[in-house]
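K.L.:
Structure for this input, please:
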Amino acid sequence: RCCYLPISLGKMFRLFSQTRCCLQVKRALQRQEWPLRPAHLTAAAQQASFSTASVEHLSRSDSWPKDVGILALEVYFPSQYVEQVELEKYDGVEAGKYTLGLGQKQMGFCSAHEDINSLCLTVLQRLVERSRLSWDSIGRLEVGTETIIDKSKAVKTVLMQLFQDSGNTDVEGIDTTNACYGGTASLFNSADWVESSSWDGRYAVVVCGDIAVYATGNARPTGGAGAVAMLVGPEAPLVLERGVRGTHMEHVYDFYKPDLASEYPMVDGKLSIQCYFRALDQCYSVYRKKIQSQWQK
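P.N.:
Residues are numbered from 1 along each chain as shown. Next up, the predicted model:
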């Protein structure tokens, strides 16, 4: 199990506020006709410097890219879902165990015509189209997922068919798999690329998706399906703090999938909670030490 703490707690709360602001602006933008003019932007959009209409190909400069982070974000969930109230009745548990205990009203699931590839294809295409990007403006594509339907061919290679008409095959990145940490690692890899000497001035895109399916039992109501695509580049409203991350990794069997013939994981719920708290404590401790070290320089 892995964890990270890339930002301070104070900044985390500010970023959550900015995220909410950006999502509100995004919904407003979707109701407008494209292309948008600056006059259409709300005050919140101007404050957050978030405008999908202003996204364009970046120019490479000799200066260090500033404020690298998330520029835009797209989310996709399957339209099919199970009411958790009904699942409580079906499983014969007390009312509120899933809706109150887990804080969930519905649990999404894929139809017979959807899989991890289609989820990621949909969310990536929507991000590019709604941001009015050209496919050749993307130089890196990372995928974070633990939903494996092929033991060799990466989901990223399937997504490359969206780039075919543009002729852009010069796209770095590949899949990262490690439970729920794969998406986080993909985001960090993309931000590091933008801040590195390998950056060619183009955007990076991170796609995170999973289809969580559990066998009959206590873990089944925690399942679901969905995907998110993030546009990464400089001058972002949600900035990843450069040079300061707290990471904790250890060898533990709280969640794993040893049976390659089954999509069901092995889960130790109590141990998993202990791992999360321990990882959070360790990440915060490491983060504080790194911050203090920077202040002393």
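K.L.:
Tyr256 against Tyr264, yeah?
P.N.:
No: applying C-beta atoms under 8 Å as the test, Tyr256 and Tyr264 come out as separate, 11.1 Å apart. From N, CA and C alone the C-beta is placed, and that goes for glycine too.
K.L.:
which stretches of the stretch 1-150 of the chain form strands?
P.N.:
Taking DSSP state E, counting those that start in this stretch, the strands of the stretch 1-150 of the chain run over residues 2-5, 69-76, 81-83, 106-108, 138-144.
K.L.:
Can you find the helix or strand in this structure with the smallest mean pLDDT?
P.N.:
helix 43-48 (a mean of 33; mean pLDDT, DSSP states H and E).
K.L.:
residue contacts, the closest residue to Thr177 other than its chain neighbours?
P.N.:
Ranked by C-beta to C-beta, 6 or more residues apart in numbering and with sequence neighbours excluded, the top spatial neighbour of Thr177 is Glu146, at 5.4 Å. The contact partners of Glu146, taken as C-beta atoms under 8 Å, 6 or more residues apart in numbering, are Thr177, Asn178, Ala179, Cys180, Gly182, Asp210, Lys257.
K.L.:
and the third one, how many residues sit next to it?
P.N.:
In other words, Ala179. By the criterion of other C-beta atoms under 10 Å, Ala179 has 16 neighbours.
K.L.:
ditto for the one 5 residues further on
P.N.:
Using other C-beta under 10 Å, Thr184 has 19 other residues around it.
K.L.:
isn't Gly243 right up against Gln294?
P.N.:
Yes: contact criterion C-beta under 8 Å: Gly243 and Gln294 qualify, at 7.5 Å.
K.L.:
mind listing the helices in this protein by residue range?
P.N.:
9-30, 43-48, 84-91, 116-130, 155-159, 182-194, 269-296 (DSSP state H).
K.L.:
Rebuild those as TSV, extending it with distance to Gly217.
P.N.:
Output for those, formatted as TSV (distance: least, C-beta to C-beta, whole Å):
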stretch	distance to Gly217
helix 9-30	33
helix 43-48	43
helix 84-91	9
helix 116-130	23
helix 155-159	28
helix 182-194	24
helix 269-296	10
